[in-house]
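>>> got a sequence here, can you build the structure:
(one chain, ligands or ions: 1)
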Amino acid sequence: MKTIRPHNIVIVGAGIAGIACALALSKELSPFVPDLQITIYERHDILSTSGGAINLTPVAQRHLAQLGVLDELDRMGPEGGADVDAIELFSMRSGRSIGSIDFTDHKGEGYGGYKGRRVMRIILSVAMLTVVERTHNVEIVFGKKVVGGEEFDDSVVLKFQDGTEAISDLVIGCDGVHSAVRTQFVDADRPAEYTGLSFLQATIERDSLSSRIHFKSSSLNISRHGSILASYCDRDCDQIFAAAIVQFSQESLSRYRLEPGQDRATQHRIRCALREEIWGRFGKCGIPCIREIIESKADWMLYPVYQVRPGGRWCTNRAILLGDAAHAMPPRDESASYALDDAILFARILARYRSEPLAEVFDAYESLRRDTINHAFKESRRMWERNREMGLFEGRLKEWMMSFHLKSHESEREAAWEFDANKMALPTPAPSEDLVSLNSFLRGRTL
Ligand SMILES: Cc1cc2nc3c(=O)[nH]c(=O)nc-3n(C[C@H](O)[C@H](O)[C@H](O)COP(=O)(O)OP(=O)(O)OC[C@H]3O[C@@H](n4cnc5c(N)ncnc54)[C@H](O)[C@@H]3O)c2cc1C
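Predicted coordinates:
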């Protein structure tokens with residue numbers, strides 16, 4: 001296969017993986033590829049404001065810091081997110097503490113200086129976009145939905161919904177769980193699957209609640225009907241982000257979906273129905289502030305959670321999938337980290353293998369990522385199983401098991417928070433055939 005050093009790179013999707021990948025590629029490749037041009041194509045006309053708040057683990061924060069994004073978040077003041085030392089777990093039945101997922105060590109310090117943070121997605125996107133704007137060889141083009149493509153020996157042509165096309169040396173599909181790059185040309189047999197669980201999300205003013213807030217910065221409140229996550233999402237702790245994680249059948253999803261163009265009466269009916277759903281499942285909660293959130297007039301939005309089964313293809317000859325496009329898993333407050341790890345590792349490998357065929361770059365990348373992702377997927381599924389509806393006895397067992405699970409996995413989690421994709425050892429390219437024959441020629445001469 002012909003070796004082409006990629007200098008015209010196209011990324012599909014301006015989400016966490018897409019922007020992180022562009023920034024990491026610019027950092028790693030620019031010294032070797034002076035005419036490097038990276039273009040991100042995003043289907044939305046502007047940054048999407050939907051999606052609520054996201055939890056960033058110490059690993060995610062470390063990687064965002066390396067890409068220059070964390071400084072931008074910090075510059076945004078209180079909106080830049082709430083510090084999260086730990087996600088505390090409580091029983092909704094009794095209010096009892098079950099344990100915690102700690103983002104600090106036993107001295108109360110972050111891992112390598114980084115704790116957790118909960119921030120609104122739109123704020124994170126704005127911070128990432130600000131960094132892109134000052135990166136000379138990265139451009140984002142909005143309003144470009146990829147609908148197909150064709151791959152040739154030395155290029156890839158992407159087709160957009162508006163009838164235009166883009167040609168590049170390399171396509172990186174960072175277009176999320178419903179990825180067109182995956183379904184159109186990398187792995188058509190791996191569509192996204194509904195997990196059977198959904199998030200119902202809302203943001204509530206802290207001052208609108210009269211009950212005592214039972215958590216320091218972030219909490220997961222569990223019951224046999226699912227869980228409710230409640231967390232501050234700004235540094236001044238004025239806003240509480242709440243997300244109910246519940247089992248919903250595929251059929252009931254269409255009943256609750258808010259679509260653009262729906263009349264106000266339909267939207268009002270859906271909002272009331274969602275409030276009733278939450279009330280029906282968690283109305284007997286024993287934690288006063290959670291009960292108040294449930295009883296409030298908050299506008300709950302439904303986010304069905306999809307996954308992409310592990311084990312499929314991640315690449316063709318000139319296209320590769322990163323982030324949720326490759327391996328969307330049920331979120332457990334860490335999936336964004338995997339997208340960031342992917343981006344940084346892939347950029348480092350591409351820079352190191354810049355003189356090798358893309359097939360070798362992709363192989364090297366997969367050799368580093370497959371096992372980690374398969375393991376993470378299995379863990380996420382196991383955590384999510386605990387959110388399905390269960391009986392009284394099973395519910396009590398879940399509380400007990402959760403406490404045990406948190407304790408027994410403590411050291412594994414602590415080790416995971418130390419991960420740094422910039423320090424991970426990379427495989428070395430095999431010497432080329434020319435080099436091998438030169439070496440044996442030289443060896444022959446010395447003998
Ligand atoms: C309800 C919910 C809550 C979550 N909470 C957390 C959390 O607290 N912590 C955490 O770490 N993770 C969380 N996750 C997971 C996390 O959001 C994802 O893992 C992460 O966003 C993946 O980033 P990505 O860039 O791969 O995909 P996305 O963020 O989905 O970005 C994909 C981008 O591609 C664009 N796009 C899609 N199709 C096309 C196309 N055809 N053409 C052009 N552009 C396209 C999209 O518009 C989007 O901008 C959550 C997920 C869900 C569903």
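
>>> for the ligand, what's its nearest residue on the stretch 51-200 of the chain.
In the stretch 51-200 of the chain, the residue that lies nearest the ligand is G176 (2.8 Å; C-beta to the nearest ligand atom). All C-beta atoms are positioned from the backbone trio N, CA, C, and that covers glycine.

>>> could you report the pLDDT at that residue?
G176 carries a pLDDT value of 97.

>>> can you name the residues of this protein that neighbour the ligand?
Taking C-beta under 6 Å from any ligand atom as the criterion, the chain approaches the ligand at residues 12-18, 41-44, 54-55, 145-146, 174-176, 180, 199, 303, 305, 323-325, 331, 333-337, 339.

>>> quick one: buried ones out of these?
Those of those that meet the buried threshold are 12-18, 41-43, 54-55, 146, 174-176, 180, 199, 305, 323-325, 331, 333-337, 339, by 16 or more other C-beta atoms under 10 Å.

>>> in the stretch 301-447 of the chain, which spans are strands?
For the stretch 301-447 of the chain, the strands defined by DSSP state E, counting those that start in this stretch occupy 301-307, 319-321.

>>> to A430, which of those strands lies closest?
When the strands of the stretch 301-447 of the chain are compared by C-beta to C-beta, strand 319-321 sits nearest A430, at 19.7 Å.

>>> what residues does that closest one touch?
149, 151, 156, 170-174, 179, 181-182, 185-187, 314-315, 346, 362, 365 (C-beta atoms under 8 Å, 6 or more residues apart in numbering).

>>> so which of those residues are in helices?
Members of the contacts of strand 319-321 lying in helices (criterion: DSSP state H): V181, F346, F362, Y365.

>>> so which of those is surrounded by the most neighbours?
V181 (29 neighbours; other C-beta atoms under 10 Å).

>>> list the contacts of that residue.
Counting by C-beta under 8 Å, 6+ apart, V181 makes contact with V12, V146, G149, V171, G173, D175, A319, L321, A325.

>>> just the strands in the stretch 51-200 of the chain please.
Under DSSP E, counting those that start in this stretch, the stretch 51-200 of the chain gives strands at 53-56, 82-84, 86-91, 97-102, 116-120, 138-141, 146-151, 156-160, 165-168, 170-173, 193-205.

>>> about what we covered before: I'd like to know which of the ones in helices among the contacts of strand 319-321 is nearest to the ligand.
Of these, the one sitting nearest to the ligand (C-beta to the nearest ligand atom) turns out to be V181, at 7.6 Å.

>>> tell me the pLDDT of the closest one.
97.

>>> then H327?
Here the pLDDT value assigned to H327 is 96.

>>> for it, which non-adjacent residue is spatially closest?
Leaving aside its sequence neighbours, H327 sits nearest to I373 (C-beta to C-beta, 6 or more residues apart in numbering; 4.8 Å).

>>> can I get the strands of the stretch 301-447 of the chain in a markdown table with mean pLDDT?
Formatted as a markdown table, those follow (pLDDT from 0 to 100):
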| stretch | mean pLDDT |
| --- | --- |
| strand 301-307 | 93 |
| strand 319-321 | 98 |
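
>>> quickly compare these and say which is most buried.
Sort the strands of the stretch 301-447 of the chain by mean neighbour count, taking mean count of other C-beta atoms under 10 Å, and strand 319-321 sits at the top with a mean of 27.

>>> neighbours around A430, how many?
Neighbour count for A430, taken as other C-beta under 10 Å: 11.

>>> measure it to P191 for me?
36 Å (C-beta to C-beta, to the nearest Å).

>>> so what's I287 up against?
Contacts of I287 (C-beta under 8 Å, 6+ apart): F90, M92, G95, H214, N221.

>>> same question, D187
Neighbour list for D187: G312, R313, W314, L321 [criterion: C-beta under 8 Å, 6+ apart].

>>> which of those residues lies closest to the ligand?
Distances from the ligand to those, taken by C-beta to the nearest ligand atom, are shortest for L321, at 9.0 Å.

>>> re earlier: Produce a PyMOL select command limited to the buried residues of the contacts of D187.
Selecting only the buried entries of the contacts of D187 in PyMOL, with 16+ other C-beta under 10 Å as the criterion:
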select buried, resi 314+321
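
>>> for whichever residue of the stretch 251-400 of the chain sits closest to the ligand, what are phi and psi?
Using C-beta to the nearest ligand atom, the closest approach of the stretch 251-400 of the chain to the ligand is made by G323 at 2.4 Å. Per-residue torsions, G323: phi 70, psi -150 (degrees, to the nearest 10).

>>> what do you get for C285?
Here is the backbone geometry of C285 (degrees, to the nearest 10): phi -60, psi 140.

>>> that one touches M92, doesn't it?
Yes: shown here, C285 and M92 form a contact pair, counting by C-beta atoms under 8 Å, at 4.5 Å.

>>> what residues are shared contacts of these two?
Joint contacts of C285 and M92 (C-beta under 8 Å, 6+ apart) are N221, S223, I228.

>>> ranking these by neighbours, who comes first?
N221 (28 neighbours).

>>> if I look at that residue, how far off is L229?
Distance, N221 to L229, by C-beta to C-beta: 8 Å.

>>> for these two, list the residues in contact with both.
Contacts common to N221 and L229, judged by C-beta under 8 Å, 6+ apart, are absent.

>>> thinking again about what came up before, if you drop the residues flanking it in sequence, what lies closest to the residue of the stretch 251-400 of the chain closest to the ligand?
A17 is the one closest to G323 (C-beta to C-beta, 6+ apart), at 2.8 Å.

>>> what ranges in the stretch 101-250 of the chain fall below the confidence cut-off?
Counting by pLDDT under 70, the stretch 101-250 of the chain contains no low-confidence range.

>>> need the ones in helices among the contacts of strand 319-321 in TSV with distance to Q262, can you?
Converted to TSV, those look like this (distance: C-beta to C-beta, whole Å):
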residue	distance to Q262
V181	30
F346	40
F362	43
Y365	43
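
>>> what about L406, neighbour count?
When neighbours are counted by other C-beta under 10 Å, L406 comes out with 16.

>>> wait, I meant L170
Using other C-beta under 10 Å, L170 has 23 neighbouring residues.

>>> which residues does the spatially most central residue of the chain contact?
With distances taken as C-alpha atoms, centre = their mean, A336 lies nearest the centre of the chain, 2.5 Å away. The neighbours of A336, taking C-beta under 8 Å, 6+ apart as the test, are I16, I54, L56, A60.

>>> most tightly packed of the strands of the stretch 51-200 of the chain?
It is strand 170-173: most buried of the strands of the stretch 51-200 of the chain by mean count of other C-beta under 10 Å, with a mean of 29.

>>> name every strand pairing with it and say which way it goes.
When pairing is defined by DSSP bridges, strand 170-173 lines up against strand 8-12 (parallel), strand 319-321 (parallel).
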